Structure formats: structure tokens, C-alpha cells
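S.K.: Show me the folded form of this:
(one chain, ligands or ions: 1)
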Amino acid sequence: MRLSHAKHQITGAWRKLAGNEAVMPMMDDADGTGPKEQSMRFDTLIFWVHAEKSVLRERLDARVDKMLEAGLLEEVRTLDAYAEAEAAAGRPVDKTRGIWVSIGYKEFKEYMHALRNEETSEKDLEYWANTALSKTKDSTRQYAKRQIRWIRSKLINSLPASKILYLLDGTDVSTFDSAVVGPAVELTSSFLAAEPMPEPSSLSSAAAELLQPARLHYEDSAPSPEKWTKQHCEVCDVTCVVESQWGQHTGSKAHKKAVSKRRQRDREAYPGAVLGDQEVAGGQESGDANVT
Ligand SMILES: [Zn+2]
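M.R.: Next up is the predicted model:
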């Protein structure tokens, strides 16, 4: 399998998953019954291509720079001109949804304002362009962070036994073939042949660490771990090594406040669906049974 092919398949799986996720109840749903088996009809193999934080950050920044080179500013101008024309025609666009909230457009509001103002100097315009660019980079990083948090706190906790999530470490590009493509191809073959599969956490140290579900403790009714080890509160970034300490933390005002704030933010970020990305959450349904 060629790299581009593998990449395409991985992206396809992600899209497929995101499409299914829209109908997959979250762990903190009101009825608290947890995942429903019928929401994903087929045995499912999921790959999470991971990159270590600092490397991911560099890649995300580079991605935004590439967007700029590929004509991002021109695109923003075109969109804005369209919005203006629609407004002038009495059909104002709804800027709270769709493309109007996409990363790389809304961050350019001040820049567009400066651009429309004839008194803006070249230097100021450059300043606003740079500001918009760094805002876009920030938003992109925040978005990636939310996705990872979503995988660790929602997806991992919701997966029934028939769905397998493997983390492949793509941090080092020079070993991408052996660390990502090779294992993905092998795992997919075993999966399709219904052969025994390795334990996901056995694949790499990153897998061992990150496939541990991060518990958000939104609900007191959330199932307790069988054995007490240590607990980490994702919301407050607090680790408790003793059970009583954990009880104290989850009962604290600060934690409860942070949790309700987080819930509010998640609700705003993901209206209707768990994953907020317009592109993926739009559910590019391919209708095929095998997610590879
Ligand atoms: Zn907390």
C-alpha cells in the first residue's frame, strides 16, 4: 500500500467515525446508559495517528503557513465580499455557523475591517494580517487539543468491546512507514481476516500512555474504576494519588465550577454533534461496511 493510499484510508476512517459519532451518545448523556451498541453497526477498527505535542504544534503552524501561501487571504476577501453582497441584497448570511465559523475566516475580522478602511496604512494592514495569522494558529492548536481531549475522554470511554482503537505514533516523519503505515496495513489485514489482534497499548510507549482513558467526571454516576490507582482530572489538570484526595477534588467548588464551564464550552463548540469540525461532522458517509 502506498503512503497516500494509507493516508486516504486513515482519513476515511476518521470521517466515517465522526459521522457515526453524531449518533453515538456521549458518556455524560442525561440517561447515563452509556454507549449503545447499535450506533456503530459493524466491528470497527480505528487508527489514531498521534504526534508528540511540540512536533504537532510545529506541524499545525506549518499547516497554517501553507494555507496562507495557498491563498488564504484571497479566500477570506472573497468570502467577505460575498457576505457583503448578500447583506446588501437583503439576505444576510448567518455568521454563527458553517463556513463563517471555520478556522481561518473569523480570525480575520479585524484585518478585513482594516482593509476596508481607506486610511489604513500598509504597515497597519500588515500588522492586522500577522495578528490574524497568529490567531488562526492559536485556534488551530486549540482545535487539535479539543480533538485529542475528545478522543481521550469521550471516544475511549464510549467504545464497546467490538471496536478497536489503535494509536500509531507518527511523531517522527523519518520512521512514518515503519511506525504508522506498516502497522496500519498489518493490523488492517488481521482485522479483515478476523485474526487475533495485539493489545493496543502494547504497540508503543505513546500508545500505552495515551490509550488510558482520561476521565472527565462530569457525572457522579460515571462507573468507578475497579481498582483505585491514581486519577487525573482533565478539566483541572490535577492528579490525585489517594482516593480520598480524589473525592475531595471532585467534590470541590473549584472543580464543579471548572466542569460546568467546560461543559458550557463543549456545548458551544459542538452544537448537536460531539465533534465540531464542519467538514468531518458533516458526515461524509461512504456507506461502506469496512472501516479500515
Ligand atoms: Zn477537577
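
S.K.: Just give the closest residue to the closest residue to the ion within the stretch 1-150 of the chain, not the sequence neighbours.
M.R.: Residue nearest to the ion within the stretch 1-150 of the chain: residue 149 (13.6 Å; CB to the ion). Every C-beta, even on glycine, is put in place using the N, C-alpha and C of the backbone. Closest residue in space to residue 149, ignoring its immediate chain neighbours: residue 234 at 6.5 Å, by CB to CB, 6 or more residues apart in numbering.

S.K.: Around the one you found, how many other residues sit close by?
M.R.: When neighbours are counted by other CB atoms under 10 Å, residue 234 registers 16.

S.K.: let's have the chain start at 306 instead
M.R.: All right, first residue 306 from here; so that's residue 539.

S.K.: Now do it against residue 439, distance only.
M.R.: Distance of residue 539 to residue 439, computed by CB to CB, to the nearest Å: 26 Å.

S.K.: Need the three-state assignment for residue 541.
M.R.: coil (DSSP: H, G, I helix; E, B strand; the rest coil).

S.K.: That one touches residue 558, doesn't it?
M.R.: No - applying CB atoms under 8 Å, one finds residue 541 not in contact with residue 558, separated by 11.6 Å.

S.K.: Looking at the two, which is more packed in?
M.R.: Neighbours were tallied for residue 541 and for residue 558 using other CB under 10 Å; the higher tally belongs to residue 541 (17 against 7).

S.K.: Might you enumerate the residues of the protein proximal to the ion?
M.R.: 538, 540, 541, 560 (CB under 5 Å from the ion).

S.K.: can you pick the most crowded of those?
M.R.: Result: residue 540 is most packed of the residues of the chain next to the ion (other CB under 10 Å), 23 neighbours.

S.K.: I'd like to know how many residues surround the residue of the stretch 356-505 of the chain found nearest the ion.
M.R.: At 12.3 Å from the ion, residue 458 is the closest residue in the stretch 356-505 of the chain, using CB to the ion. Around residue 458 there are 23 other residues, counting by other CB under 10 Å.

S.K.: Just confirm it is within a helix.
M.R.: Yes - per three-state DSSP, residue 458 lies within a helix segment.

S.K.: for the chain, what are the low-confidence residue spans?
M.R.: Applying pLDDT under 70 to the chain picks out residues 306-345, 519-534, 574-597.

S.K.: Stretch 404-420: which residues count as buried?
M.R.: Of the residues in stretch 404-420, those buried by neighbour count under the rule 16 or more other CB atoms under 10 Å are 404, 408, 409, 410, 411, 412, 413, 416, 417, 419, 420.
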